[in-house]
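> predicted model and sequence follow; I will ask about them next.
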Amino acid sequence: MLEGRTFVSDLAALGPEYEIQITLQESEWIPYALEHIKVFIQTPLGVAAIVGLSKQIVDLFLAWAKEQRLKRPEQDQKKLTIYGPDRKPIRIVTVKGDRFEEE
């Protein structure tokens, strides 16, 4: 059993109308300095709906990152990129320690 919440379990709180898929990419070297999470919004929603959904996702991500930082202070850098239906980034949020930046 995994300890604590995962970001995917937090995303599930958005409701049953959203499908969550996890893709793992094998790599020879995975940097521990930065954890990068990518969320793809596949459904062609209206602009207002996408903005609202991305805000919910960012809020969940920030809460999750804060909790993770308390448990594992050595891994305190996390990045979230949210892509729209056109596969282009909508929002990019990076958390480093106590602060976060949005590109």
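Looks like it came in fine.
> roughly how far is the one helix or strand residue 59 maps to from the heart of the chain?
Using DSSP states H and E, residue 59 sits in helix 47-71. Distance, stretch centre to chain centre, for helix 47-71: 7 Å (CA atoms, centre = their mean, to the nearest Å).
> outside of the following helix or strand past that helix, which residues touch it?
Counting by DSSP H and E, the element after helix 47-71 in chain order, helix or strand, is strand 77-83. By CB atoms under 8 Å, 6 or more residues apart in numbering, the residues outside strand 77-83 that reach it are 33-41, 54, 57-58, 61, 65, 68, 89-97. In this view, the C-beta of every residue, glycine as well, is placed from N, C-alpha and C.
> partner strands of the following helix or strand past strand 77-83, with direction?
Downstream of strand 77-83, the next assigned helix or strand under DSSP H and E is strand 89-96. Using DSSP bridges, strand 89-96 pairs in its sheet with strand 77-83 (antiparallel), strand 99-102 (antiparallel).
> would you mind finding the most buried of those?
Greatest average neighbour count among these goes to strand 77-83 (a mean of 19), per mean count of other CB atoms under 10 Å.
> and that one with helix 47-71, angle?
Between strand 77-83 and helix 47-71, the angle comes out at 160 degrees (axes from the mean of the first three to the mean of the last three CA atoms, to 10 degrees).
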